[in-house]
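Q: Need coordinates for the below:
(one chain, ligands or ions: 1)
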Amino acid sequence: MDRDTLRQVEDWIKFFQELGFEEFYRRPQRVTAASSSPKAAATPLSASPNAASGPTFGNKPLGASEASRGPAKPASPAEPPITAAPQFTASRPVASQSLSLFEAPPAPAAPAKRETLEEIQTDLGDCHRCKLSKGRKHIVFGQGNPRAELVFVGEGPGADEDEQGLPFVGRAGQLLNRMLQLIQIRREDVYICNVVKCRPPGNRTPEQDEIATCSPFLFRQIQSIQPRLVCCLGSPAARTVLGIKEGITKIHGQFFDYGTGKALATVHPAYVLRNPREEVILRDDFEKIRQFLQSA
Ligand code: URA
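A: Reported below is the predicted structural model:
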């Protein structure tokens, strides 16, 4: 990890500690169907066999992206970490039911202060923290209900989003709208945002330094909204939010403990636009979302 990345990670940890989180960077715990009810308590850190192993950080690069921009790119072990995302512990025993790919997060911590989205946006300002600012027309902060039960996290704005300053307003957005209609959820009732808030040039996958710089704002947005469910659209979102190493086709549709709620990942709508036969994955996962949100 280079010095700049390390400094960003340290700032990041400090920021979350100030919010009242402790060891927030531990890997979320996958939850089984039986415990995926929103009432199920998050597995406490102490219950994790690796709980004492100390904080670890992601060393996994961004890999293949099912998202809108650019061809899928295989994961390359030579690439640097994308963020302070928690590290996959390959040697960890995998229980048959709990499939503990991830370390459990701490019991949901009450943050010292719940920021508003407006405060976060003000802090973001006319951001020039990373190189993506050079080519953007608009920052795409996010859109929707600040008290949404469901938050979608995409990869980053495309051309239409950059033009309008709003997330998922292009073709991928139309497919997302269709999926929402299918499960009878109104778009205005959810919150939609992205891992990076400025359009990567040529719609390429966001680079690790860009994600490291921008993702703290995403995490603050999620912390502000405190949704019951975060749905990661595509690999970059899943890697950033869940710190996963596995491909999305392996872990899609599975519920993970995440903060005070749950998170799941599914394929990016843009991937489905390019691979229409895969729409079934999106539909199935949206049906799981519907069932989850309908459960008391
Ligand atoms: N793709 C994304 O990942 N995000 C958007 O906002 C639009 C397309």
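
Q: With adjacent residues omitted, what lies nearest to G156?
A: Sequence neighbours aside, V196 is the residue nearest to G156 in space, at 4.1 Å (criterion: C-beta to C-beta, 6 or more residues apart in numbering). For every residue, glycine as well, the C-beta is placed using N, CA and C.

Q: what kind of secondary structure is the one you found in?
A: coil (DSSP: H, G, I helix; E, B strand; the rest coil).

Q: Against the ligand, how distant is it?
A: As judged by C-beta to the nearest ligand atom, to the nearest Å, V196 and the ligand stand 9 Å apart.

Q: I'd guessed that residue sits against A212; true?
A: No. Contact criterion C-beta atoms under 8 Å: V196 and A212 do not qualify, at 10.2 Å.

Q: more neighbours, these two?
A: V196 (27 against 24; other C-beta atoms under 10 Å).

Q: what's near enough to touch the residue nearest to G156?
A: Counting by C-beta atoms under 8 Å, 6 or more residues apart in numbering, V196 makes contact with 130, 132, 155-157, 206, 210-211, 214-215.

Q: can you narrow those residues to ones near the ligand?
A: Applying C-beta under 6 Å from any ligand atom to those, one finds that 155-157 fall near the ligand.

Q: Return the backbone torsion pair for the closest residue to the ligand within the chain.
A: Distances between the chain and the ligand by C-beta to the nearest ligand atom are smallest at G154, namely 2.9 Å. As for G154, its main-chain torsions (degrees, to the nearest 10) stand at phi -100, psi -170.

Q: Now do it: how many residues are near it, please.
A: Neighbourhood size, G154 [other C-beta under 10 Å]: 30.

Q: Also D257?
A: Neighbourhood size, D257 [other C-beta under 10 Å]: 24.

Q: and it, that's in a strand?
A: Yes. Per three-state DSSP, D257 lies within a strand segment.

Q: Just the pLDDT for it.
A: We have a pLDDT of 97 for D257.

Q: For I251, see how far away the residue nearest to G156 is.
A: Separation of V196 from I251 (C-beta to C-beta, to the nearest Å): 22 Å.

Q: got a pLDDT number for I251?
A: 97.

Q: That one touches T266, doesn't it?
A: No. In this structure I251 lies outside contact range of T266 using C-beta under 8 Å: 9.7 Å.

Q: So for these two, which residue has more residues nearby?
A: T266 (28 against 21).

Q: Spatially nearest residue to that one (excluding sequence neighbours)?
A: Nearest residue to T266, sequence neighbours excluded (C-beta to C-beta, 6+ apart): D285, at 3.8 Å.
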